[in-house]
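Novice: From the sequence below, what's the structure:
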Amino acid sequence: MRFLHLADLHLGKRVNEFSMIEDQRYVLKQVLNTIEQYHIQSVLMAGDIYDKSVPSAEAVLLLNDFLTKLSQKGIQTFVISGNHDSAERIGFGADIMSQAGIYMAKPYGGIVEKVTVEDEFGEIDIYLLPFVKPATVRHFCKEEEIQTYDEAVAAVMRQTEPDKAKRNILVAHQYVRGAVRCDSENMSIGGIDEVSVENFKDFDYVALGHLHGPQHVQSENIRYAGTLLKYSFSEVRHHKCALIVDMGKKGDIRYEKVDIRPLHDMKELKGTYYELTSKCFYEGLDRKDYYHMTLTDEEDVIHALELLRTIYPNIMKLDYDNQRTRQNKEVMLTQNIEEKSPVDLFEEFYEMQNNLPMTEEQREIVQELADKIWEVE
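Specialist: Down below sits the predicted model:
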């Protein structure tokens with residue numbers, strides 16, 4: 001059977017106050033084309049379907065449209081909730097939707113839901129484990145001492161016991177120890193949310209969500225699909241793709257990655273104001289991509305963001321890298337204040353604040369202003 005493994009759609013997400021909904025609509029159309037082109041039979045969606053537990057109306061409508069089209073194509077779809085989702089909202093109407101081939105996992109209730117599908121090699125059991133916390137599992141395993149995420153998932157797996165004679169797939173949303181994280185994911189202090197890869201040893205394939213970079217962990221058969229879009233500048237070098245999983249007879253699994261092209265890519269540019277305003281003309285940059293720009297001018301460019309956005313309308317972030325920003329001097333009270341002129345005092349303050357002396361032109365401007373102020377007094 002041929003599966004498409006998706007995760008972390010984060011529908012409705014905003015990045016630096018920019019709505020991603022049109023970008024998400026754009027890549028989901030590519031996913032539907034991929035499903036048709038590669039003859040996908042089932043889709044595994046491993047959590048963080050929405051970006052918030054109470055999603056926006058447009059995010060709900062986008063998911064509704066996507067699932068409806070999957071159902072119309074006869075694609076069996078298996079969906080679990082992630083840590084960004086409300087498990088109750090994802091599981092709402094699950095019994096009705098299953099009649100259309102859309103299996104929405106209900107909140108964890110002491111057992112992992114299982115759906116059995118069949119192909120020419122026999123049955124495949126697909127287990128749907130929504131994101132779980134220790135407190136959630138503790139409620140159903142009162143006889144066990146469960147303090148960590150690893151202990152919680154281990155307890156869940158002990159109760160699951162898949163039939164090893166069959167082919168077994170687990171769809172889950174947890175952080176597996178050893179996987180690589182990035183800044184756009186929720187971090188825990190001290191790695192308390194880590195779970196061991198040993199928890200999943202009885203499954204032929206583990207379709208994971210939670211981490212945004214596509215990767216496998218220790219085993220080729222334990223994989224994060226990653227996001228379809230870049231959701232922070234820590235993901236600039238990520239190669240986003242849709243992951244096809246071909247499951248033949250037991251022990252025979254093959255993988256194929258299909259490139260996903262974003263509506264707007266996410267890029268970083270660094271240089272002086274003049275260099276950045278020239279790059280789009282000389283280097284053929286897509287001006288509508290999302291940009292993090294770093295100015296290296298030693299003096300701040302007045303209204304730099306507004307001016308640059310006339311060329312690059314989707315600048316998400318702007319900062320400086322110069323002598324002033326590389327050093328953080330503490331501003332201290334100067335000595336012998338009474339003996340110094342206002343211009344001298346301002347010049348000392350300017351140098352401590354900016355790690356640079358004032359230019360002669362700047363000193364003349366300050367002197368002119370000081371003269372006017374003192375003239376008024």
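Novice: Contacts only, for Val79.
Specialist: By Cβ atoms under 8 Å, 6 or more residues apart in numbering, the residues touching Val79 are Met45, Ile49, Leu67, Ile90, Ile102, Tyr103, Met104, Ala105, Leu128. To be clear about C-beta, it is placed using only N, CA and C from the backbone, and glycine gets the same treatment.
Novice: Mind checking which of those land in helices?
Specialist: Secondary structure of the contacts of Val79 is defined by DSSP state H; positions in helices are Leu67, Ile90.
Novice: Now flag whichever of the contacts of Val79 is closest to Leu369.
Specialist: Nearest to Leu369 among the contacts of Val79 is Ile49, at 57.4 Å by Cβ to Cβ.
Novice: Tell me how far Gln15 lies from Ile21.
Specialist: Actually, residue 15 is Val rather than Gln. Distance from Val15 to Ile21, counting by Cβ to Cβ, to the nearest Å: 11 Å.
Novice: now do Glu347
Specialist: Spatial separation of Glu347 from Ile21 under the definition Cβ to Cβ is 50 Å.
Novice: Equivalent analysis for Lys257, please.
Specialist: Applying Cβ to Cβ, one obtains 25 Å for the distance of Lys257 from Ile21.
Novice: can you check Asp95 too?
Specialist: Separation of Asp95 from Ile21 (Cβ to Cβ) stands at 29 Å.
Novice: neighbour count winner among those two?
Specialist: A count of neighbours by other Cβ atoms under 10 Å puts Ile21 above the other of Asp95 and Ile21, at 16 against 9.
Novice: Could you report the pLDDT at that one?
Specialist: On pLDDT, Ile21 comes in at 97.
Novice: Burial check on the residue nearest to it when sequence neighbours are not counted, number of neighbours?
Specialist: Residue nearest to Ile21 in three dimensions, not counting chain neighbours: Glu58, with 5.3 Å by Cβ to Cβ, 6 or more residues apart in numbering. The number of residues packed around Glu58, counting by other Cβ under 10 Å, is 15.
Novice: Over to Leu61?
Specialist: When neighbours are defined as other Cβ under 10 Å, Leu61 has 14 of them.
Novice: Please pull up the helix or strand immediately following the helix or strand where it lies.
Specialist: Assigned by DSSP states H and E, Leu61 falls within helix 57-72. Helices and strands here follow DSSP H and E; after helix 57-72, the next one along the chain is strand 76-80.
Novice: Report the backbone C-alpha coordinates of that next one in PDB.
Specialist: C-alpha atoms of strand 76-80 as PDB (Å, rounded to 0.1, in the frame of the first residue of the first chain):
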ATOM      1  CA  GLN A  76      -8.300   6.800   3.300                       C
ATOM      2  CA  THR A  77      -7.000   9.400   5.700                       C
ATOM      3  CA  PHE A  78      -5.800   8.900   9.300                       C
ATOM      4  CA  VAL A  79      -5.500  12.000  11.500                       C
ATOM      5  CA  ILE A  80      -4.300  12.500  15.000                       C
END
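Novice: Give me the mean pLDDT for it.
Specialist: 97.
Novice: Stretch 178-195 too?
Specialist: For stretch 178-195, the mean per-residue pLDDT is 70.
Novice: Quick one: end-to-end distance for it.
Specialist: Distance between the boundary residues of stretch 178-195 (Cα to Cα, to the nearest Å) amounts to 9 Å.
Novice: what do you get for stretch 300-317?
Specialist: Start and end residues of stretch 300-317 are separated by 15 Å (Cα to Cα).
Novice: Pull out the buried positions in it.
Specialist: Applying a neighbour-count criterion of 16 or more other Cβ atoms under 10 Å, one finds Val301, Ala304, Leu308, Tyr312, Ile315, Met316 buried in stretch 300-317.
Novice: before we move on, what about stretch 40-54?
Specialist: Of the residues in stretch 40-54, those buried under the neighbour-count criterion (16+ other Cβ under 10 Å) are Ile40, Gln41, Ser42, Val43, Leu44, Met45, Ala46, Gly47, Asp48, Ile49, Tyr50, Asp51.
Novice: With only the CA atoms kept, save that stretch in PDB.
Specialist: In PDB, the C-alpha atoms belonging to stretch 40-54 read as follows (Å, rounded to 0.1, in the frame of the first residue of the first chain):
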ATOM      1  CA  ILE A  40      -1.400   7.500  -3.200                       C
ATOM      2  CA  GLN A  41      -3.900   5.200  -1.500                       C
ATOM      3  CA  SER A  42      -3.800   6.500   2.100                       C
ATOM      4  CA  VAL A  43      -2.700   9.600   3.900                       C
ATOM      5  CA  LEU A  44      -1.200   9.700   7.400                       C
ATOM      6  CA  MET A  45      -1.500  13.100   9.200                       C
ATOM      7  CA  ALA A  46       0.600  13.100  12.300                       C
ATOM      8  CA  GLY A  47      -0.700  16.000  14.400                       C
ATOM      9  CA  ASP A  48      -0.500  19.800  14.700                       C
ATOM     10  CA  ILE A  49      -3.200  20.000  12.100                       C
ATOM     11  CA  TYR A  50      -4.000  23.500  13.400                       C
ATOM     12  CA  ASP A  51      -1.700  26.000  14.900                       C
ATOM     13  CA  LYS A  52      -4.000  26.800  17.800                       C
ATOM     14  CA  SER A  53      -6.300  24.700  19.900                       C
ATOM     15  CA  VAL A  54      -9.100  27.100  18.900                       C
END
